[in-house]
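Asks: have a look at this prediction, sequence included:
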Amino acid sequence: LLTKESQYDIKLKSLERLINELTTRESVGNTIDNKINELSTTLTNNVTTSLTNSLNTVQSTIDSKINQITNNLSTHTTNYNKLLDITNQLDKQINELANTTDSKIDKNYLSIHQTKNE
């Protein structure tokens, strides 16, 4: 039969093995937790960088389009103003021509009637 002392020794060694196994498991668990945190941080940083780059690209495209539209609008405004000037000049010339024509018609009419009356 085993003495009480040897029974305690066996139980003590069994407890020591259990403690060592739990310590190893805890260490593995901590390593896994650390790796998960590291990967999570890396993923967050990569996603943030990717989104920032995408947003910058979109913003650059929008800015470019706004500049293009602004330039086109400026060109159209300039062309519209030129066309307006030409239209105003044509209106003025048409009015002058109409006045000159009316004046000549009036003079010719008067001349014809004066000749008839004489």
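Replies: It's in.
Asks: quick one: pLDDT of the residue nearest the centre of the chain?
Replies: Geometric centre of the chain, nearest residue: Gln59, 3.3 Å, by Cα atoms, centre = their mean. Predicted confidence (pLDDT) for Gln59: 97.
Asks: what about Gln68, how many neighbours?
Replies: The number of residues packed near Gln68 is 10, by other Cβ atoms under 10 Å. Quick note: C-beta positions are derived from backbone N, CA and C, even for glycine.
Asks: host element of it?
Replies: Assigned by DSSP states H and E, Gln68 belongs to helix 4-117.
Asks: off-centre distance for that helix?
Replies: Put simply, helix 4-117 sits 1 Å off its chain's centre (Cα atoms, centre = their mean, to the nearest Å).
Asks: low-confidence ranges, the protein, go.
Replies: 1, 117-118 (pLDDT under 70).
Asks: format the CA atom coordinates belonging to stretch 89-103 as CSV.
Replies: C-alpha atoms of stretch 89-103 as CSV (Å, rounded to 0.1, in the frame of the first residue of the first chain):
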residue,chain,number,x,y,z
GLN,A,89,-25.1,95.8,-83.7
LEU,A,90,-27.4,94.1,-86.3
ASP,A,91,-30.5,95.6,-84.6
LYS,A,92,-28.9,99.0,-84.8
GLN,A,93,-27.9,98.6,-88.5
ILE,A,94,-31.4,97.3,-89.3
ASN,A,95,-33.0,100.3,-87.6
GLU,A,96,-30.6,102.7,-89.4
LEU,A,97,-31.4,101.0,-92.7
ALA,A,98,-35.1,101.1,-92.0
ASN,A,99,-35.0,104.8,-91.1
THR,A,100,-32.9,105.6,-94.2
THR,A,101,-35.3,103.6,-96.4
ASP,A,102,-38.4,105.3,-94.9
SER,A,103,-36.8,108.7,-95.4
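Asks: just use 622 as the starting number from now, easier for me
Replies: Sure, I'll start numbering at 622, so the last one becomes stretch 710-724.
Asks: which parts of that stretch are buried?
Replies: Buried residues in stretch 710-724, counted by 16 or more other Cβ atoms under 10 Å: none are found.
Asks: stretch 693-700 now?
Replies: Buried, per 16+ other Cβ under 10 Å, within stretch 693-700: nothing.
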